[in-house]
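Engineer: fold the following, please.
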Amino acid sequence: MNVFVLCAGRTASTAFASAASHLPGFTAGHETRSTLIGRDRLAFPDNHIEVDNRLAWFLGPLGERFGNDARYVYMRRDPKKISLSYEKRWNLTVSVVRAFATGICMQSRIPKNDRLKWCEFYVETLESNAHYFLQQQAHVYDFDLADAKNSFSGFCEFLGVECSSESLAEWDVRHNRNKTVVQRLNPSAPLRKACRAVANLPSYLADV
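Structural biologist: Numbers count the residues shown, from 1 in each chain. A predicted model of the protein is given here:
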């Protein structure tokens, strides 16, 4: 049995994966295949619990491949708190919410004062994607981060496994805290990008 934990991100998903890693009969991981493409992206082993907020962008293939044979969890948190957490991570080297705004929504420039608005739109979009998908599934568990330990105990009942003290202890550990000071955008990144563009210009012109 495969288990997929969906969320908008910034919902203690790393803590969930750590807690699930103690459950008997299952492996568990956080974004374990997030860098892969094609069928490899969703080639999860049997009896694996995968926690990955980016699965909300792969719900079509996920449903086709696993459908009602899998179990699904939605991690719920106050959307405002999620958005505020994403706003703090806007300038990280890899920022999914910035990529959403500039890539998918094609915004060339986003003023600092507008970042929270885009974070809110990102969260709203991912939650809508997940909720619509989960309406089609037979086995769904709603996880409330505001009552994490009780929710995780309920999740264990949902799977039919025993909830250990080791699993519950993971909810007392701070996982994946914001690191906006340490992991800010490298100021030399735009220069490196320009150099790569110039270096690739001859091959690009040859293909035109």
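
Engineer: which stretches of this protein have low pLDDT?
Structural biologist: 176-208 (pLDDT under 70).

Engineer: can you map out the helices along it?
Structural biologist: Secondary structure of the chain (DSSP state H): helices located at 13-20, 59-65, 79-88, 96-99, 115-134, 148-159, 165-169, 189-207.

Engineer: and those helices, which is most packed in?
Structural biologist: Stretch with highest mean neighbour count among the helices of the chain: helix 13-20 (a mean of 24; mean count of other Cβ atoms under 10 Å). In short, each C-beta sits where N, CA and C put it, glycine included.

Engineer: and the angle from it to helix 148-159?
Structural biologist: With axes from the mean of the first three to the mean of the last three Cα atoms, to 10 degrees applied, the angle from helix 13-20 to helix 148-159 works out at 60 degrees.

Engineer: that older thread, export the helices of the chain as a markdown table, with columns for distance to Met1.
Structural biologist: Shown next, in a markdown table, are those (distance: least, Cβ to Cβ, whole Å):
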| stretch | distance to Met1 |
| --- | --- |
| helix 13-20 | 13 |
| helix 59-65 | 14 |
| helix 79-88 | 28 |
| helix 96-99 | 28 |
| helix 115-134 | 17 |
| helix 148-159 | 8 |
| helix 165-169 | 18 |
| helix 189-207 | 43 |
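
Engineer: out of those helices, which gets nearest to Arg41?
Structural biologist: With Cβ to Cβ, the closest approach to Arg41 among those belongs to helix 59-65: 7.6 Å.

Engineer: enumerate every residue touching the residue most central in space within the chain.
Structural biologist: Centroid-nearest residue in the chain: Asn53, 1.9 Å away (criterion: Cα atoms, centre = their mean). Contact analysis of Asn53 by Cβ atoms under 8 Å, 6 or more residues apart in numbering lists 6-9, 11, 13, 31, 96, 126.

Engineer: still on that earlier bit, which stretch among the helices of the chain comes nearest His175?
Structural biologist: Nearest of these (Cβ to Cβ): helix 13-20, 3.9 Å.
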